[in-house]
Every structure is written in C-alpha cells, then in structure tokens.
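K.L.:
Pasting a predicted model and its sequence here:
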Amino acid sequence: MEHGSFTNEREGTFTLAEEDHTLANAVRFMLNQDPRVTLAGYSIPHPSLECVNIRVQTTGDPAREVLKDACQELMIMNRHVRSVFDKAVAEFKAEQEQKKQREIDSMDIETH
Amino acid sequence: MANEVEEEEMKRIVTETEKTFAKNFNIFDLPDVAPGLPPHLELQRTRVFCKNDAPIHTTSVSYSGAYNAVGENNSVKLESFSENFRVEVISTSPDGMELEFDMIGIDAAIANAFRRILLAEVPTMAIEKVFVANNTSIVQDEVLAHRMGLIPIVANPRIFEYLSENDQPNEKNTIVFKLHAKCAKGEVRRKVLTNELIWLPNGSELVKESGVSTSKPKTFTSFCRSQDSFPEFADNPIAPSYPDILIAKLGPGQEIELEAHAVKGIGKTHAKWSPVATAWYRMLPEVILQKEFEGEQAQKLVRACPAKVFDIEDMGNGRKRTKVARPRDCTLCRECLREEFGEPKPKAKGEDKSKREWIDNVALRRVKNHFIFKIESTGSLPPDVLFTEAVKILEDKCERVIADLS
Ligand code: SF4
C-alpha cells in the first residue's frame, strides 16, 4: 500500500495490493456515504495487475483517516450482518425442527 | 447618490427580527412542506424501473449529499442500518446444501462483495496433484487430472493449512486419495465413479524411487500422524461430496491407477476451489397495476404472464379484476408490457389507443435494497457457514487495510 500524495492531506490515492472490485467497490460506497467526502472513486490500473487505486478527496479532514473510518464502518456493518444472519438461520432451523416434530406427532395420532 | 438613498431605505425596511428570521429560515420547517424526499425522487432512489425497452434508474445513489438541495441527507448511518437490516431465510434444499434467503436494507455494493467472495475467496480443498501410476484408458492423463481436480470434496477447509511452495506435504495441508480401477478382459465396458476414490489417512503410498534404500521407504508425503486421529474426521471420513460423479469409462483390458493429492486453495486461483456451484442474488420484483383490469382485459393479462404472477379476484356482483398475487415469481420477461399480446395486429392507421393503455398501466419495478440471495454449495461446507465465512473474509480485508493505514 502506498500513499499517492504527500503535499496535501486532504486528498490522496491509496493503492491496495491483492484487492479487487470486491473490497474497492464496498469501500467506495462507504466513503461516499461519509459527509466529509467530496470525491471517492476507484480504478484498477490494468486487469493483470493485482491492485486497486482508491482516490479520496475530503472537505478538510485527512484522507487517510477518512478511508480508515470507512473501513472501520464497513467492518462494523459486517459484524452486524453476521449476527443478524446467524440469528435468522438459527430461527429458521428451530422452526423447521418444530414442523418436523409436529408432522411426526400428527402421524402418530393417525396410526393410533 | 441614488445608491445611498436606497441603502437608507433598506436599513429602514429590514428590522432586526426580520434579519434573524431570514438567517434561520429553512423552507423545510414550514408546516406544509412534507418531510423526506418528494415521492418521485424517493421512487427513483429505491426502485429500478423496468420499462419495456430497458430498465432505468438502475444505479444506487451513494453520494451522501446527493439530495442536499431538497434538504435530505442520503447517508446511511450505522444506527439506522442496524435498525433496518433484516435477514429472512426462505428455504433450504432437503440435503441442506442450498439456501435461499432475503437480505433487506443493504446496498448492492456490499451484497455484491459477499457474492464475489463466496465465488472466489472462500477456501476449500481440491485435488491439485495427480500421480498417475498407470492409465491405459482413453482419457489422457492431463484430462483425467483436470477432471479429478473438479471433484468436490467434503472436508472442513478450516482445519487445513495452505501448502506453500517450500512446504512438505503433511497431514495438516494435504489429503491423499487412491484410485485403482480396472476392467478385466472379456468384461463389458464400465464406469469409474467417485465412490472408487479411497481416502488414505496415512498419506501417500507411492514410493519415491530416488535415493538409496533407507530403513523407511520415502513417499510423496510426510505425515506425522494419521488424519484418522483428527477428532473432526474420526467419524466422518473424508470423501467426495457425491459418490456418483463420473471420472472415466474403462473398456475391457483398460486400467487406471493413480494417487491424488488435494490441497487448500481459493476460487480466484482456480474455479475448482470455489465452494459454491453458484451464488447469486436478484432484487425483489414489484409489480403494480396502476388501474383496474377488469373482464376480458383481466383474463388477457393473467394469460399473458408465463410466471403466473397474476390472479383473478372476485369483486362481487359478477365483476372480476386482476390482482398481483405472486410478484416474487416475476422473471421480468416483460410479456405483460407487450402491447400486441393476444391482440390482432394493430391497423397501421387509427391505432387502438386502449392497447397503449396496457403498457402504461403495469409498472414493473425492482426494490434496490432487497436481495433474494441464493447459495448452492458444492458440499464442502453448508451454505450458511459459507456465508458467515464470506462476511468474515470481508471483515479481514477491512482489518488489513486499517492496519496498513495506521
Ligand atoms: S414481467 Fe413477465 S413474469 Fe413479470 S409480471 Fe410481467 S409477464 Fe409476468
């Protein structure tokens, strides 16, 4: 990873090695959601290079910090997604179990 | 001179209270200005419109200040995300290897990241090296090796380590299978299926020929202990996820004898490591009738839809109308937007205006933040575990970037 600009804290290009659209697009979305950001975008310089450039320009805060915050928020979001998903799956499985149990019960009644 | 006079007048006219009022004035505080975005903008923000030639308003508006001019903040705050995000599991397949669920309240950028990670970055075990001792079948060695690579294997990849270039293959990074199939002379042609692959928990049995004969013959792996002794594999042995995948066909007198070494990898390197047959999502369809379709027209609309989205509803006293019963089944074929459907060809001139009405009164939309997600696992891990793994991988990526930036 390298910092593209040393002259101006407010803007910078960050090169993430071994990343692609997967992370870059998600981070760009998070950056755009931040009111401190005036411009955020990413590009892949060449399809056979394994890196992305993320461009961040802000209203005044250091671009590096804003990018860091965006990643932080994305991470928190992911944690939340994971917990909600796990809960939903657990609920579904419990429900499925119950249904099965009820079917067995009703079959018992029929045979008796 | 004239300017001065005007300024004088201005001073007299604008009083102090008026000034403070003007400073604090905000049009959106007025009681009859509705809060939120105007309805048409809100619709464009949250829906894709599927017109009969092409969809419009397809992008999501991600810039936080996009609606500043109308006094709306477009950014998703973490709190509101946490409040609104929902997951609903819809169904699983009987074998538990397919999962369909709804993910509501998330942007496509992040949903797509999950999908891409599922396809290309969740690790699994797959056959990487094939040592062919004998192959007289018509399938060439390299083709056979490729086919072997694509066989999905049931083994929890989280237990294993990656085999890097300088590593010795050992019990922590390699799974060894043996295959010895033969079709005797005079027998009929037979199939070789994946159930003939035999797992060797003690590692390779092929003896390396190089080197002088030492006390212990050297093989292609160096296992310290048997994989049998791993608690995870003690009572569910490692095997291909399906016993009936065709590997090759053998004619009379043909034989295959080989050893296959499976290692950990990700789909980015080669698709054989992809843990899913497919993982995909679609946005929730929304079908809206903007006028009532009655009688003959109602029948026609119901018949037009191949996905059976519409039903006939009784309104009492003999009147019937169309209702949207199953919008989720809509495939967006846009058949219901075709004006000439079920009608005789319109005359060149004096075209029937009522046909145009049909198109204009059915609205096909997609909800931009409601994803119907489907994961079909190849069998190495159940789909719900795969999804959690995918989310974890995205988390790790963020963490790495943060660490690099600090
Ligand atoms: S687009 Fe096709 S599937 Fe959807 S409602 Fe219209 S006719 Fe039915």
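P.N.:
Ah, there it is.
K.L.:
any idea how far stretch B:385-392 is from the chain center?
P.N.:
When C-alpha coordinates are averaged (Cα atoms, centre = their mean, to the nearest Å), stretch B:385-392 and its chain have centres 12 Å apart.
K.L.:
Same check on stretch B:245-260?
P.N.:
Between the mean C-alpha location of stretch B:245-260 and the chain-wide mean there is a distance of 36 Å, by Cα atoms, centre = their mean.
K.L.:
Could you work out the end-to-end span of it for me?
P.N.:
Across its full length, stretch B:245-260 reaches 16 Å end to end, with Cα to Cα, to the nearest Å as the criterion.
K.L.:
That stretch - what's its average pLDDT?
P.N.:
Model confidence over stretch B:245-260, given as mean pLDDT, is 95.
K.L.:
and what of stretch B:313-321?
P.N.:
On average, the pLDDT along stretch B:313-321 is 83.
K.L.:
Then stretch B:376-393?
P.N.:
Here the mean pLDDT over stretch B:376-393 is 94, rounded to a whole number.
K.L.:
and the residue most central in space within chain A, what does it touch?
P.N.:
Central residue of chain A (Cα atoms, centre = their mean): residue A:74, 4.6 Å from the mean position. Taking Cβ atoms under 8 Å, 6 or more residues apart in numbering or on different chains, we find residue A:74 in contact with A:26-27, A:30, B:110, B:394, B:398. (Glycine included, C-beta is placed from N, CA and C.)
K.L.:
I'd like to know how many residues surround the nearest residue to residue B:173 once chain neighbours are set aside.
P.N.:
Distances taken as Cβ to Cβ, 6 or more residues apart in numbering or on different chains put residue B:163 closest to residue B:173, at 4.1 Å, once the chain neighbours are dropped. Burial measure for residue B:163: 20 neighbouring residues, criterion other Cβ atoms under 10 Å in any protein chain shown.
K.L.:
Distance-wise, check residue B:163 relative to the ligand.
P.N.:
Here the distance between residue B:163 and the ligand works out to 49 Å (Cβ to the nearest ligand atom, to the nearest Å).
K.L.:
Can you classify that residue by secondary structure?
P.N.:
Residue B:163 falls in the coil class when you classify it by DSSP: H, G, I helix; E, B strand; the rest coil.
K.L.:
So it sits against residue B:169, correct?
P.N.:
Yes. Applying Cβ atoms under 8 Å, one finds residue B:163 in contact with residue B:169, separated by 6.2 Å.
K.L.:
Residue numbers of chain B in contact with the ligand?
P.N.:
Along chain B, the residues adjacent to the ligand under the rule Cβ under 6 Å from any ligand atom are B:287, B:304-305, B:307, B:309, B:330-336, B:364.
K.L.:
ok, then the element right after whichever strand or helix holds residue B:281?
P.N.:
According to DSSP states H and E, residue B:281 maps onto strand B:276-289. Going down the chain from strand B:276-289, the next helix or strand is helix B:295-304, by DSSP H and E.
K.L.:
what's the average pLDDT for that following helix?
P.N.:
Here the average pLDDT along helix B:295-304 is 84.
K.L.:
Sheet partners, orientation included, of the helix or strand just after it?
P.N.:
Beyond helix B:295-304 on the C-terminal side, the first helix or strand identified by DSSP H and E is strand B:310-314. Next to strand B:310-314 in the sheet, as set by DSSP bridges, lie strand B:320-324 (antiparallel).
K.L.:
what angle do the partner strand and strand B:276-289 make?
P.N.:
On the basis of axes from the mean of the first three to the mean of the last three Cα atoms, to 10 degrees, strand B:320-324 is oriented at 140 degrees to strand B:276-289.
K.L.:
burial measure for residue B:308, as a count.
P.N.:
Other residues lying near residue B:308 total 12 when counted by other Cβ under 10 Å.
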